[in-house]
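Chemist: Kindly generate the corresponding structure for this input.
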Amino acid sequence: NRFCAASDNRTGYLCDDRVTCVTASHVCNRIQDCRNGEDEQEKLCGDLPGSLPGYLVFHCSNPVYWIYADQRCDGMNDCGDCSDEMESLAACPPCGSEWWSCTPVLYEYCTCIPKRLCRDSIQHCASWSDEYIC
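Modeler: Numbers count the residues shown, from 1 in each chain. Below is the predicted model:
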């Protein structure tokens, strides 16, 4: 079993050295993160996503799309339909302390926007709460 928890408790892949934990989205990215390059081997990366262990993959509600498991609940709309951020499939916790909860006007975010976007004179929330309340 190669499952491990990488930085920020994100889903990862354990290298042969049994110490290095590579975040899921860094597996099969054409950059060797494991000393022996096992995170880029053909048997792992040959037929994505089918060749990856299930714990590294999140299937979006549209079965044509998938993302790496560490991209689920990261605040970004990686699936394009927010199924990785808000559907029961994703089971995400509420917005964290660095996020503002609202209905975003752009498809980049789903239920929260980064607080750094608050009061920047650009509307990011449908209610304008990012400019007047946040």
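Chemist: Residue 32 and residue 44 touch, don't they?
Modeler: No - between residue 32 and residue 44 there is no contact, the gap being 11.8 Å when judged by CB atoms under 8 Å. Where you see a C-beta, it was placed from the backbone N, CA and C, and this is true even at glycine.
Chemist: Which one's more surrounded, those two?
Modeler: In this comparison of residue 32 against residue 44, neighbours counted by other CB atoms under 10 Å, the higher total goes to residue 44 at 18 against 15.
Chemist: What residues does the more buried one make contact with?
Modeler: Applying CB atoms under 8 Å, 6 or more residues apart in numbering to residue 44 gives the contacts 27, 28, 38, 51, 52.
Chemist: Just to check, the last one is in contact with residue 25?
Modeler: It stands for residue 52. No - taking contacts as CB under 8 Å, residue 52 lies outside contact range of residue 25: 11.2 Å.
Chemist: What residues does the residue nearest to residue 125 when sequence neighbours are not counted make contact with?
Modeler: Counting by CB to CB, 6 or more residues apart in numbering, residue 125 lies nearest to residue 102, which is 3.5 Å off, once chain neighbours are set aside. Contacts of residue 102 were listed using CB under 8 Å, 6+ apart, and they are 111, 112, 113, 124, 125, 126, 127, 129, 130, 134.
Chemist: Tell me the one of those residues nearest residue 21?
Modeler: residue 112 (26.6 Å; CB to CB).
Chemist: Tell me the pLDDT of the residue nearest the centre of the chain.
Modeler: In the chain, the C-alpha nearest the mean C-alpha coordinate belongs to residue 71, at 0.9 Å (CA atoms, centre = their mean). At residue 71, the model reports a pLDDT of 96.
Chemist: what's the answer for the one 4 residues further on, then?
Modeler: Among the per-residue scores, residue 75 shows a pLDDT of 91.
Chemist: Residue 101 too?
Modeler: pLDDT, residue 101: 94.
Chemist: That one and residue 120, how far apart?
Modeler: Residue 101 is 17 Å from residue 120, where distance means CB to CB, to the nearest Å.
Chemist: Contact partners for the residue nearest to the centre of the chain?
Modeler: 24, 25, 58, 78, 84.
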